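Asks: take a look and give me a structure for this.
(2 chains)
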Amino acid sequence: MSFDFAVNTMVYQPGASLSMVEMHVMEHGLIMLEGGGIYRLGDSWYPVTAGDFIWMGPVVSAVVRSDRQSARKISHLQRLEPASLGEPAAMSITIDRDRLLSEIATLASFLTRKLLR
Amino acid sequence: VHNLGRTRSSQQANHLLLTADTFVRTTLPGMKACSAIVHASPVLGAKFTEYTAELEGGGELGSTPAQRFLFVIEGRVKLEVNGKSSELSARGYAFLPEGLRHRVVAMEVSRVAVVEKPYQPLDAVVRPHLIVSNEDAVSSHPLGDDPACRSSVCFPMR
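Replies: Residues are numbered from 1 along each chain as shown, chains lettered A, B, ... in the order given. This next block holds a predicted model:
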């Protein structure tokens, strides 16, 4: 094992799809080069088209079906790093409290105006 | 009609979809006549950085301390390594091992997908070598036994 990531391009004929929902610990980066289709990522379905970028984190389920055109994509797979075995996909979310309160206030006033009309 | 706040882009804890309407361009250190749409990076939780570089004719990528993979989406670029230069046109790609000094200069307006990642060395494993090739030069094979899905391996994980 020399490379610590792999790259391949894939071409799907019109209406073709992966035969299984894939789930694996390796993460993916992917660019749709041509065509389009529909992707299941996690529990959601997304229409995708040329120019879109997709990141699939470790252990996200994924399956794809191309639409009436054929689709072509380039993706790379990251080797699991020995040090990261068992490490959860960490992501921190920062919430700006003032911004959140102001968004809620805007939404509340909008709804109030709608309801009172 | 612009639908305020509407997009197909979606950010979730374990996946991300980015669509062209949400792309933001920036200039990365060392870039000349070039901008980058950064798609993924360690701040997202990814172990790699990926961006699309949009180069003007004569535009150039900056250097990187990491290993780098290039895939030309459109246009034509010149890759200079060890005093030798090669031309990459659409579907052309290159793998540049960590620490290999190189230059990537656009010969015309070009878009290049770039992946950068610090190499994870393993004892007794030979480090990967330079690859310069083209998608059309590698043979494709059906995925499983389905001829409707074909995969071309630019380089394998071994």
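Asks: how about the strands of chain A, start to end?
Replies: Secondary structure of chain A by DSSP state E: the strands cover A:5-12, A:28-34, A:36-41, A:44-49, A:53-56, A:62-66, A:71-78.
Asks: winner for burial among these?
Replies: Per-stretch averages of neighbours, counted by mean count of other Cβ atoms under 10 Å in any protein chain shown, single out strand A:53-56 among the strands of chain A, with a mean of 25. In this view, the C-beta of every residue, glycine as well, is placed from N, C-alpha and C.
Asks: what strands flank that one, and is each parallel or antiparallel?
Replies: strand A:28-34 (antiparallel), strand B:15-18 (antiparallel) (DSSP bridges).
Asks: helix or strand: which one has the residue nearest to the spatial centre of chain B?
Replies: Most central in chain B under Cα atoms, centre = their mean is B:V114, positioned 2.0 Å from the mean C-alpha point. Element membership of B:V114, judged by DSSP states H and E, is strand B:110-117.
Asks: next, the angle strand A:71-78 makes with that strand.
Replies: If you take axes from the mean of the first three to the mean of the last three Cα atoms, to 10 degrees, strand B:110-117 sits at 30 degrees to strand A:71-78.
Asks: so is strand B:110-117 next to chain A?
Replies: Yes - with Cβ under 8 Å from any Cβ of the partner chain as the criterion, chain A is reached by strand B:110-117 at B:A113, B:V115, B:K117.
Asks: got the contact list for the last one?
Replies: If I follow you right, that is B:K117. Listed by Cβ atoms under 8 Å, 6 or more residues apart in numbering or on different chains, the contact set of B:K117 reads A:D4, A:F5, A:Q78, B:K47, B:F48, B:T49, B:A66, B:Q67.
Asks: got phi/psi on the first one?
Replies: It refers to A:D4. Note on A:D4: its backbone torsions stand at phi -110, psi 10 [degrees, to the nearest 10].
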